[in-house]
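> Here is the input, now give the coordinates:
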Amino acid sequence: TRFDGAAWQIETVDNGYYAGSYISLALDSADRPQISYRADMALKYARYDGAAWQIETVDDSGLYTSLALDATDRSHISCSDYSNLKYARFDGAVWHIETVEGGENVGWYTSLALDSADRPHISYYDSTNSELKYARFDGAAWQIETVDSDGDVGQYTSLALDSSDRPHISYYDYTNGDLKYTRFDGAVWQIETVGSAGDVGQYTSLELDSSDWPLISYYDSTNTDLKYARFDGAVWHIATVDSAGDVGSHTSLALDSGGLPHISYYDATNGDLKHAWGTYPAYQISLPLVLKGYTFH
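Predicted coordinates:
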């Protein structure tokens, strides 16, 4: 769906088995959408060429997909095949697919970003060891490290790179039910707990503002609310954006050209997709699309 300035325009892109689960969206330089997703148990990719949707199967499995476009609008995708962290890139003619880290239940909750040299960085969850991990391609090989292993941590990762190409990651601490955030300062990872009141921090989505300060949307499971946290350079400010029923899972955050946050999220009470935008306390909430009885990832 897209907003044309007056109304939401909705269309079916693919109708395969479970089409649209583990979805990730990016817009190219002409503002045309590209989408990675899972359908028919495979990793699939769709792009709008200006006239029609072009759909292809990239790999035979694709959970927790994350899509990013490089400077030439070519697609890069991170995902899991249940056991391994995988990475796919399109060179203009064919897809190149590789295993970044192999193992058992590695590569869940991936989040992909490209740096200023179009090199991939991926945050993800190692389910076997219950750890937050981070992989980056240095131009020759993948460098992999464990970022946080204090308890069962690393689900619902969201990665962003700052103006110096340094990674920032939001994620969920399952052991303590907390929202956590980490950034690499050039020497070490700085880790902090952002929210700890109740069970909070699932479905995180992270963006950085023009000053490289982090903004995070997430789900408060205790109160079943949509929450939003922003760092002003000194302290974190946390606000409840929507509390009308069980709302706020499956969040996705983006900033507009004026720096205002926009959040899409799921209203489980009514089975609706909702959209909130603005700043505290004047958040605006709309229902661009109704997805009755459907839970998306």
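> Which of the helices and strands in the protein ranks last by mean pLDDT?
Here the helix or strand of the chain ranked lowest by mean pLDDT, DSSP states H and E is strand 284-290, holding a mean of 66.
> which residue ranges form the strands in the stretch 151-297 of the chain?
153-161, 167-173, 178-184, 189-195, 200-208, 214-220, 225-231, 236-242, 247-255, 261-267, 272-277, 284-290 (DSSP state E, counting those that start in this stretch).
> Just tell me which of these ends up closest to residue 56.
strand 247-255 (23.6 Å; Cβ to Cβ). Just so you know, the C-beta spots here come from the backbone N, C-alpha and C atoms, and that holds for glycine as well.
> partner strands of that closest one, parallel or antiparallel?
Strand 247-255 sits in its sheet next to strand 261-267 (antiparallel), going by DSSP bridges.
> Tell me how many other residues crowd the closest residue to residue 17 other than its chain neighbours.
Leaving out its chain neighbours, the residue that sits closest to residue 17 by Cβ to Cβ, 6 or more residues apart in numbering is residue 40, at 4.9 Å. Residue 40 is flanked by 12 other residues according to other Cβ atoms under 10 Å.
> Check residue 231 too.
Residue 231 has 19 nearby residues by other Cβ under 10 Å.
> and if you look at residue 116?
Residue 116, neighbours per other Cβ under 10 Å, totals 10.
> quick one, what contacts it?
residue 165 (Cβ atoms under 8 Å, 6 or more residues apart in numbering).
> pretty sure residue 159 is touching residue 112, no?
Yes. When contacts are counted by Cβ atoms under 8 Å, residue 159 is listed as touching residue 112 (7.0 Å).
> Give me the common contacts of the two.
In contact with both residue 159 and residue 112: 121, 122, using Cβ under 8 Å, 6+ apart.
> In a markdown table: the strands of the stretch 151-297 of the chain, plus distance to residue 70.
What follows is the strands of the stretch 151-297 of the chain, written out as a markdown table (distance: least, Cβ to Cβ, whole Å):
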| stretch | distance to residue 70 |
| --- | --- |
| strand 153-161 | 13 |
| strand 167-173 | 17 |
| strand 178-184 | 22 |
| strand 189-195 | 26 |
| strand 200-208 | 19 |
| strand 214-220 | 24 |
| strand 225-231 | 28 |
| strand 236-242 | 32 |
| strand 247-255 | 19 |
| strand 261-267 | 24 |
| strand 272-277 | 28 |
| strand 284-290 | 29 |
